[in-house]
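Novice: here's a sequence, model it:
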Amino acid sequence: MKKILLRSLVSFSLLLFVYSCGTNPITGRSQVSTVSNAEIFPQTFAAYDQVMQSSKLSTNQAQTEQIKRVGVRIQKAVEKALAEIGKSDAIEGYQWEYNLIEDNQLNAWCMPGGKVAFYTGILPVCKDDNGIAVVMGHEIAHAIANHGAERISQEMIRNGVGQLGAQVLSGQVSPQTNQVIMSVYGVGTNLGMLKYSRTHESEADEMGIIFMALAGYNPNEAPAFWERMSAVSSSGDTPEFFSTHPHSTTRIQDLNKLLAVADEVYKTKSIQPYLDYKKKK
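Specialist: This is a model prediction of the structure:
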């Protein structure tokens, strides 16, 4: 009996190790990962649909098409870059979608699997396609970097990792995990978005400026956009999109440091200059 129990514990430990190790496909950063995309995508896709059904979608055709155009352009550029470095499997199961919600919030978000939402309130700060590309690149970066799965994994661990064993062995998402996913995403509220850590936000900034450059959008617009956002936030309530992000001064400084490599990506339309830059760090 003791031997059987020991074997079971060893097997579970191995499963836990496998499911706890993930890697950002672009930066190579190690990540906590107790759930797979295959497990969470059905939940987050349903959550996205719920938010869309409960929100007022914009009837401004020109603005809606602008959001979709910029989103698809960055999406295609990222897909091409992933293919070139042999990481196309990183976006397996993604179902890209872009919607514009009629709301004064200065906000945008992307759920795991490529479900993006913009709010009309942020468009005046974006000003044009380049500004939208700053935000879109940042949000798509969250998805590509699997920040959603990492954040949910962190919450699962905080809520007791013991529930993982049954899920791994059954191949099904338990009600407990579903509850974690729904609570993390604020489903049932008007948010429908994750509260990412500052590590995630900084990483999304870095990847985002590279993604917009890959798609042919001027990376110099990134720090300029955040200067405009900083001016808005300093004049009143902190926008939701700004609340968990690094301090604006730090963010702008970090983006300015990336402009040289982002400009090389912009000129070559290749992610290689960024990969070379990461190797040197």
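Novice: switch to C-alpha atoms for all contacts and neighbour counts from now on
Specialist: Noted.
Novice: list the buried residues for the helix or strand harbouring residue 48?
Specialist: Secondary structure assigned from DSSP states H and E places residue 48 in helix 37-54. Within helix 37-54, the residues scored as buried using 16 or more other CA atoms under 10 Å are 37, 39, 40, 41, 43, 44, 45, 47, 48, 51, 52.
Novice: ok, then the element right after that helix?
Specialist: Helices and strands here follow DSSP H and E; after helix 37-54, the next one along the chain is helix 61-84.
Novice: now for the helix or strand that that next one is followed by, which elements pack on it?
Specialist: Sequence order places strand 97-101 as the next helix or strand after helix 61-84, per DSSP H and E. Secondary-structure packing of strand 97-101 (3 or more CA pairs under 8 Å, 6 or more residues apart in numbering; DSSP states H and E): helix 61-84, strand 115-119.
Novice: who wins for proximity to residue 155 among the ones you listed?
Specialist: strand 115-119 (21.1 Å; CA to CA).
Novice: which neighbours does that closest one have in its sheet, and in what orientation?
Specialist: With DSSP bridges as the test, strand 115-119 is paired with strand 97-101 (parallel), strand 108-111 (antiparallel).
Novice: mean pLDDT lowest where, among these?
Specialist: Sorting these by mean pLDDT places strand 108-111 lowest, at a mean of 90.
Novice: hmm, who's touching stretch 128-148?
Specialist: 24-26, 66-67, 70-71, 74-75, 90-91, 108-114, 116, 123, 125-126, 194, 196, 200-201, 204-205, 207-212, 217-219, 221-222, 225 (CA atoms under 8 Å, 6 or more residues apart in numbering).
Novice: and that stretch, what's buried?
Specialist: Buried residues in stretch 128-148 (16+ other CA under 10 Å): 129-148.
Novice: contacts only, for the nearest residue to residue 100 once chain neighbours are set aside.
Specialist: Nearest residue to residue 100 in three dimensions, chain neighbours excluded: residue 118, at 4.8 Å (CA to CA, 6 or more residues apart in numbering). Residues near residue 118 by CA under 8 Å, 6+ apart: 67, 98, 99, 100, 101, 107, 108, 109.
Novice: got it, and residue 277?
Specialist: Applying CA under 8 Å, 6+ apart, the residues near residue 277 are residue 261.
Novice: can you check residue 230 too?
Specialist: Residue 230 neighbours (CA under 8 Å, 6+ apart): residue 248.
Novice: roughly how far does it sit from residue 266?
Specialist: 25 Å (CA to CA, to the nearest Å).
Novice: cool, residue 105 as well?
Specialist: Counting by CA to CA - residue 105 and residue 266 are separated by 30 Å.
Novice: the two - which one has more neighbours?
Specialist: More crowded of residue 105 and residue 266, by other CA atoms under 10 Å: residue 266, with 24 against 16.
Novice: for the residue nearest to residue 100, give the beta-bridge partners.
Specialist: residue 100, residue 108.
Novice: from residue 53, how far out is the spatially most central residue of the chain?
Specialist: In the chain, the centroid-proximal residue (CA atoms, centre = their mean) is residue 142; its distance is 1.5 Å. As judged by CA to CA, residue 142 and residue 53 stand 23 Å apart.
Novice: and what of residue 88?
Specialist: For residue 88 relative to residue 53 (CA to CA), the value is 31 Å.
Novice: report pLDDT for the closest residue to residue 141 other than its chain neighbours.
Specialist: Computed as CA to CA, 6+ apart, the closest residue to residue 141 that is not its neighbour in sequence is residue 204, at 5.1 Å. Per-residue pLDDT puts residue 204 at 93.
Novice: for the helix or strand residue 204 falls within, which outside residues touch it?
Specialist: In this assignment (DSSP H and E), residue 204 forms part of helix 198-214. With contacts defined as CA under 8 Å, 6+ apart, helix 198-214 is touched by 26, 74, 77-78, 133-142, 145, 147, 218-219, 222, 244-246, 251, 255, 258, 262-263, 265-266, 269-271, 274.
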